[in-house]
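In: Starting from these lines, generate the structure:
(chains A and B)
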Amino acid sequence: MIQKQKGCNDIYGREAKIWKYIDTVIDAIMEKYNYTYIRTPIIEATELFHRGIGSSTDIVTKETYDFVDRGGRKISLRPEGTAGVVRSFIENKMYGDPSLPLKVYYNGTMYRYERPQSGRDRELTQFGMEILGSDDPLCDAEIISLAVNIYKMLGLKEIKVNINSLGDDESRLKYREELIKYFKPHIDELCEDCKERLEKNPLRILDCKVDADNKLIKNAPKTLDYLNEESRDRFEKVQEYLDVFEVKYEINPNIVRGLDYYNHTVFEIEAKVEGFGSNNVLGGGGRYNGLCKQLDGPDTPCIGFACGIGRLVTALELEKVPLPIVEDIDLFLLYVNEEEKNYAAYLSQELRLAGFIVETEYNNRSLKAQFKQAERLNAKYIAVLNSEDLNNNEIKIKNSKTKEEEIISLDAIIYYLDEKLNTNLDDEEDCGCGEEHECNGNHDCGGNCHCHH
RNA sequence: GCGCCAUUGGUGAAGUGGUUAACACGCUGGUUUGUGGCACCAGUAUGCAAGAGUUCGAUCCUCUUAUGACGCCCCA
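Out: This is a model prediction of the structure:
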């Protein structure tokens, strides 16, 4: 049997509905914030990622899917979205648009050649947004608050926002040096991984799990102490705007992002819900003012955010967030003979075009089996087509929950269903009492919803 | 790249170095029921991830590979 590739997933059924739902929420809110959708290729020149993300980062040196195409070109599957967006920004000369900043969002598949584990796959879907062409701290705050609002809009409550500032390149370099200077005399007190980090990526030592309680780390110099005045002012400004947006956040000096292109504001949003694996960061981002120039474009200040959809789905499920996912059908049409089957076919089309979710039997199974099928599909109503009834222009409709059965005129069926189904909907809608009561099971919340009836 | 555990039917799974791989659910058919959902009867893995090895004989032992789970590095 041919199996799917390691770390890739087939998404179908209920899970696929959740993914589609998330997409609709994202599209809706991004439209309000006036971000336009951008779609860039999944394959890019390998060089883009080496120059963009940084050739010293693990993500580029050992985690890209690389290949040489038939024309001898070095190609990589994109491991993240920003580099492609910036490439597109430059290549299409979007920087010349007088209406800058450009606000865009993407939503697509990324690939990283990693060992899969909880919350990490080789094929992942990331949604992300970028503002290109503005250095205004308001942009930083907007991106962070927008990210938070998306999580909120989806119904997540247990999230935490961590922010930090790496400062400009000058501050960042100086800090790095100070950090090495600080740890070097104590190298023997660090864990094996940290000894390596000291040269490679000293900032990561601060985030070490083994040495979490190490006094050395707690007393290490903080990024924020090494910001120059300008950087510090801008970080404070970002916080002011965040307060305006009423975003709750924490300053976490240990937030160090993995990609080389970040400077100034960096942030991460983590899931705090019980049960998440060790990878609990839902999304993160930051400012990358140097990237555009690095890729031979004009010096353009930018900021962005990216979020893994897979982890988002996990968070939604762990928090048991009620989702508006349709998992039942309105009507199932049963039949026994060919004449009835023809009518079932005809009627199903009529009712579908009238807006109802209608199913019928395809395999000529026994009536008993058809009833079971109707039950499996969660049909709200069941109609057994009967030649005699049909000749009398009548149809027998049964409510599968109450078991009430009615014989109605065929001409009235649309009106009948409309009334019945909409009545059911009304039961579920807000009735203003604000109380918590038992879920009527008509939607997909696993019985845990807080109905505001 | 490293580590640890796992891989039995549609599903959840029990199990043993040796004739017919337990049980449950599900599914299919039948009986009964004024048209299902209850009950009863019957059927439902020629195979225990793939390959190789040890053995008289392996699903159970060994090795390799693949995949899954989790963790490390790193990261969303």
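In: make it CA atoms for all contacts and neighbour counts henceforth
Out: Fine.
In: now the spatially most central residue of chain A: how far from RNA strand B?
Out: Chain A has residue A:309 as the residue nearest its centroid, 2.9 Å off, counting by CA atoms, centre = their mean. Residue A:309 is 7 Å from RNA strand B, where distance means CA to the nearest atom of the strand, to the nearest Å.
In: what does residue A:376 give?
Out: Distance from residue A:376 to RNA strand B, by CA to the nearest atom of the strand: 7 Å.
In: do the same with residue A:122
Out: From residue A:122 over to RNA strand B (counting by CA to the nearest atom of the strand), the distance is 6 Å.
In: Next: residue A:83.
Out: Note on residue A:83: its distance to RNA strand B, by CA to the nearest atom of the strand, is 12 Å.
In: Name the spans of the stretch 1-150 of chain A whose pLDDT lies under the cut-off.
Out: Counting by pLDDT under 70, the stretch 1-150 of chain A has no low-confidence residues at all.
In: which residues in it form strands?
Out: Remark: strands assigned in the stretch 1-150 of chain A by DSSP state E, counting those that start in this stretch are A:36-37, A:43-45, A:66-68, A:74-77, A:102-111, A:123-132.
In: Close to RNA strand B: what parts of the stretch 101-250 of chain A are there?
Out: Counting by CA under 7 Å from any atom of the strand, the stretch 101-250 of chain A comes close to RNA strand B at A:112, A:114-122, A:124, A:193-194, A:197, A:201, A:204, A:208-210.
In: give me the number of residues near residue A:91?
Out: A count of nearby residues for residue A:91, using other CA atoms under 10 Å, gives 12.
In: show me what contacts it?
Out: Neighbour list for residue A:91: empty [criterion: CA atoms under 8 Å, 6 or more residues apart in numbering].
In: coming back round to it: now the strands of the stretch 1-150 of chain A in a markdown table, please, with extra columns for distance to residue A:321 and mean neighbour count.
Out: Converted to a markdown table, those look like this (distance: least, CA to CA, whole Å; neighbours: other CA atoms under 10 Å):
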| stretch | distance to residue A:321 | mean neighbour count |
| --- | --- | --- |
| strand A:36-37 | 27 | 15 |
| strand A:43-45 | 35 | 17 |
| strand A:66-68 | 38 | 15 |
| strand A:74-77 | 33 | 19 |
| strand A:102-111 | 22 | 21 |
| strand A:123-132 | 20 | 23 |
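In: Would you reformat those as JSON lines and include distance to residue A:415?
Out: Listed next are the strands of the stretch 1-150 of chain A as JSON lines, based on distance: least, CA to CA, whole Å:
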{"stretch": "strand A:36-37", "distance to residue A:415": "40"}
{"stretch": "strand A:43-45", "distance to residue A:415": "52"}
{"stretch": "strand A:66-68", "distance to residue A:415": "59"}
{"stretch": "strand A:74-77", "distance to residue A:415": "53"}
{"stretch": "strand A:102-111", "distance to residue A:415": "41"}
{"stretch": "strand A:123-132", "distance to residue A:415": "42"}
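In: Output the longest helix belonging to chain A.
Out: helix A:13-32 (DSSP state H).
In: which parts of the helix or strand in which residue A:153 is found are buried?
Out: In this assignment (DSSP states H and E), residue A:153 forms part of helix A:137-154. When neighbours are counted by 16 or more other CA atoms under 10 Å, the buried residues of helix A:137-154 are found to be A:137-148, A:150-151, A:154.
In: Could you give the separation of it from the chain centroid?
Out: Distance of helix A:137-154 from the chain centroid (CA atoms, centre = their mean, to the nearest Å) equals 14 Å.
In: Just the CA trace of it, in PDB.
Out: What follows is helix A:137-154 as a C-alpha-only set of coordinates in PDB (Å, rounded to 0.1, in the frame of the first residue of the first chain):
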ATOM      1  CA  PRO A 137       4.800  51.400  15.700                       C
ATOM      2  CA  LEU A 138       1.000  51.500  15.100                       C
ATOM      3  CA  CYS A 139       1.600  48.800  12.500                       C
ATOM      4  CA  ASP A 140       3.400  46.600  15.000                       C
ATOM      5  CA  ALA A 141       0.500  47.000  17.400                       C
ATOM      6  CA  GLU A 142      -2.100  46.500  14.700                       C
ATOM      7  CA  ILE A 143      -0.500  43.200  13.600                       C
ATOM      8  CA  ILE A 144      -0.400  41.900  17.200                       C
ATOM      9  CA  SER A 145      -3.900  43.000  18.000                       C
ATOM     10  CA  LEU A 146      -5.300  41.600  14.700                       C
ATOM     11  CA  ALA A 147      -3.600  38.300  15.400                       C
ATOM     12  CA  VAL A 148      -5.200  38.200  18.900                       C
ATOM     13  CA  ASN A 149      -8.600  39.200  17.400                       C
ATOM     14  CA  ILE A 150      -8.500  36.300  15.000                       C
ATOM     15  CA  TYR A 151      -7.900  33.900  17.900                       C
ATOM     16  CA  LYS A 152     -10.700  35.500  19.800                       C
ATOM     17  CA  MET A 153     -13.100  35.500  16.900                       C
ATOM     18  CA  LEU A 154     -12.500  31.800  16.500                       C
END
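In: which residues sit against it?
Out: Applying CA under 8 Å, 6+ apart, the contact partners of helix A:137-154 are A:22, A:25-26, A:29, A:129, A:131, A:157, A:234-235, A:237-239, A:241-242, A:245, A:247, A:265, A:267, A:269, A:286-287, A:303-305, A:316.
In: Now which of the residues you listed would you call buried?
Out: By 16+ other CA under 10 Å, those give A:22, A:26, A:129, A:131, A:157, A:234-235, A:237-239, A:241-242, A:247, A:265, A:267, A:269, A:286-287, A:303-305, A:316 as buried.
In: now, which of these lie within helices?
Out: Per DSSP H, the buried ones among the contacts of helix A:137-154 map to helices at A:22, A:26, A:234, A:235, A:237, A:238, A:239, A:241, A:242, A:316.
In: what about residue A:17, distance to residue A:376?
Out: Look at residue A:17 and residue A:376: by CA to CA, to the nearest Å, they are 18 Å apart.
In: More neighbours: which of the two?
Out: residue A:17 (17 against 10).
In: what sits against that one?
Out: Residue A:17 neighbours (CA under 8 Å, 6+ apart): residue A:325.
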